[in-house]
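Trainee: missing the sequence, but the structure's below:
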DNA sequence: AACGGTGTGCCGTATTACGGCACAGAAGTT
DNA sequence: AACTTCTGTGCCGTAATACGGCACACCGTT
């Protein structure tokens, strides 16, 4: 079903570049204009995209994808189980709490509770974080099989900021440290002004599949706050894991 | 492209019933099993669904849809423009703030800031609310052209709770009242235990396309809190509208 | 062993998507 | 005003491919 694959590619491209028209899409995707247009028309019929504003020639995505996507979580009722604990966490820390799941080589944000403090580290649901340069990613990675870790290291660790860990040996040491202390930290390794403290969540399977984190502007991340957040988040992750059958 | 339409129907159905297998899907959708299976395989290849847990026979959606859906907003940078005002609103009210956009006959939740209070009125992004039984919906409706209102009334107003307004004349009066006071309220008209106060947002066009609301458990919705929330939310909506070029 | 329930695979037909090409219009340029 | 260069749209013959009936393999219950 080449057909469907094309249409989905078009859909994704519309999402990232919206509002966008036939011509540009065909150029970017390397597909004939006619094919792109058929895809657009069909996606429109199906209600996944709609013409933008007054113009009938540029398209934007509708909320259909959101509606479908909100069912994405871990396999079990991960989100439902997690939310109460996330609330408790936010109450204790008064910082932004993230719930992420692993998907391939990324951690994807699927739930979020915001701090009431003015400075936010805003990220929209569905955003993805690199495994090696986020507290969530490292927390999951640390408890993953050696083979998974090895594969990731072999692919190379892209640098995002000047604190990103890109050296395989340093990363192995870091993961060891994470296992020892029970939580992972991130000091501006992905975005230089945001830090976080995370702990992995395990379900019925051995491998962790999700992670909880406390996210803060780097300016609020001190050594003592870090250990406080670490204790809180790893406790929450532990009880959540237990509830999921670990 | 029947093909694509089928695949998308399958995708939506997987989302609402996950985890689910070929047989049940084919029954529910009234499609031949072979067709459903081809669709599933293709959606899997494209990374929109994946086999659930250990089983290879049941499917769940991945976060791909979330990733696409997070780009859905109003046409302009509605979300980005709204978030700072939503924060201000939450600071002043300490209640859950919703940003919804109109999509057909529904209001769809596209952004949310939670209260720090223990009682949640939890709703996930992408959820939709009826136009006639939500503060957000009524706020938008009140400033919509008479023709739009007429069409909705003609279709009939489904009852959700015992306070739902189902009588066309009462609804017209309600909308008039909303126009007069500048904000809409909802006293358990959709879910009997949740109330809200909302104001419509207008962009460059005359017709409102979005709405901001303060959401509270009915137990916290008194006459005086209502007018306080009303003032706050309509002020926020007004400045947001202005920033969007109204 | 027969039954009802999974999910998978094959295959001939005919539907349908492909994609080149031509056209219509708008905006900017000379 | 003719020319260029973008848009987006529509047509249409060919060839690919999706359709969907059917048969099969499997599992558990009766």
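Mentor: Nice, I can see it. Since we're looking at a predicted model, the values are computed, not measured.
Trainee: list the residues that contact the nearest residue to residue A:117 once chain neighbours are set aside.
Mentor: Nearest residue to residue A:117, sequence neighbours excluded (CB to CB, 6 or more residues apart in numbering or on different chains): residue A:94, at 6.6 Å. Glycine gets a C-beta too; all of them are placed from N, C-alpha and C. When contacts are counted by CB atoms under 8 Å, 6 or more residues apart in numbering or on different chains, residue A:94 is found next to A:115, A:116, A:117, B:116.
Trainee: and the furthest pair within those residues?
Mentor: Greatest spacing in the contacts of residue A:94, by CB to CB: A:117 and B:116 (10.3 Å).
Trainee: mind checking how far residue A:152 is from residue A:133?
Mentor: Here residue A:152 is placed at a distance of 11 Å from residue A:133 (CB to CB, to the nearest Å).
Trainee: ok so, going back, relative to DNA strand C, how far out is the residue nearest to residue A:117?
Mentor: 46 Å (CB to the nearest atom of the strand, to the nearest Å).
Trainee: flag every buried residue along the longest helix anywhere in chain A.
Mentor: Ranked by residue count and defined by DSSP state H, the top helix of chain A is helix A:223-243. Residues A:225-226, A:229-238, A:240-241, A:243 are the ones in helix A:223-243 that count as buried (16 or more other CB atoms under 10 Å in any protein chain shown).
Trainee: if we can go back for a sec, what subset of the contacts of residue A:94 is buried?
Mentor: Among the contacts of residue A:94, those buried by neighbour count (16+ other CB under 10 Å) are A:115, A:116, B:116.
Trainee: thought residue A:7 was touching residue B:1?
Mentor: Yes. With contact defined as CB atoms under 8 Å, residue A:7 and residue B:1 form a contacting pair (6.9 Å).
Trainee: helix, strand or coil for residue A:3?
Mentor: Of the three states, residue A:3 takes helix under DSSP: H, G, I helix; E, B strand; the rest coil.
Trainee: count of residues packed around it?
Mentor: The number of residues packed near residue A:3 is 17, by other CB atoms under 10 Å in any protein chain shown.
Trainee: my understanding was that it contacts residue B:2; is that so?
Mentor: No. Residue A:3 lies out of contact with residue B:2 (CB under 8 Å); the separation is 9.3 Å.
Trainee: OK, contacts around residue A:242?
Mentor: Under the criterion of CB under 8 Å, 6+ apart, residue A:242 has no contact partners.
Trainee: on the three-state scheme, the residue nearest in space to the middle of chain A is what?
Mentor: In chain A, the centroid-proximal residue (CA atoms, centre = their mean) is residue A:108; its distance is 2.1 Å. Following three-state DSSP, the label given to residue A:108 is strand.
Trainee: where does chain A dip in pLDDT?
Mentor: Of all residues in chain A, those with pLDDT under 70 make up the ranges A:54, A:56, A:74-76, A:118-121.
Trainee: in helices only, show me the buried ones among the contacts of residue A:94.
Mentor: Counting by DSSP H, these place none of their members in helices.
Trainee: out of these, which comes closest to DNA strand D?
Mentor: residue A:115 (41.6 Å; CB to the nearest atom of the strand).
Trainee: ok, that closest one touching residue A:92?
Mentor: No. Look at residue A:115 against residue A:92 with CB under 8 Å: they stay out of range, at 11.8 Å.
Trainee: of residue A:152 and residue A:133, who's got more company?
Mentor: Comparing residue A:152 with residue A:133 by other CB under 10 Å, the one with more neighbours is residue A:133, at 22 against 19.
Trainee: can you give me the helices in chain A?
Mentor: Listed in chain order, the helices found in chain A under DSSP H are A:2-17, A:22-29, A:33-45, A:64-69, A:78-93, A:135-142, A:146-155, A:168-181, A:223-243.
Trainee: can you redo those helices as JSON lines with distance to residue A:125?
Mentor: Converted to JSON lines, the helices of chain A look like this (distance: least, CB to CB, whole Å):
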{"stretch": "helix A:2-17", "distance to residue A:125": "14"}
{"stretch": "helix A:22-29", "distance to residue A:125": "25"}
{"stretch": "helix A:33-45", "distance to residue A:125": "22"}
{"stretch": "helix A:64-69", "distance to residue A:125": "8"}
{"stretch": "helix A:78-93", "distance to residue A:125": "10"}
{"stretch": "helix A:135-142", "distance to residue A:125": "14"}
{"stretch": "helix A:146-155", "distance to residue A:125": "25"}
{"stretch": "helix A:168-181", "distance to residue A:125": "25"}
{"stretch": "helix A:223-243", "distance to residue A:125": "19"}
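Trainee: residue B:52: which of the ones you listed is closest?
Mentor: Judged by CB to CB, the one of the helices of chain A that comes nearest to residue B:52 is helix A:78-93, at 12.5 Å.
Trainee: does chain B sit close to that closest one?
Mentor: Yes. Contact of helix A:78-93 with chain B (CB under 8 Å from any CB of the partner chain) involves A:79, A:83, A:87, A:90, A:91.
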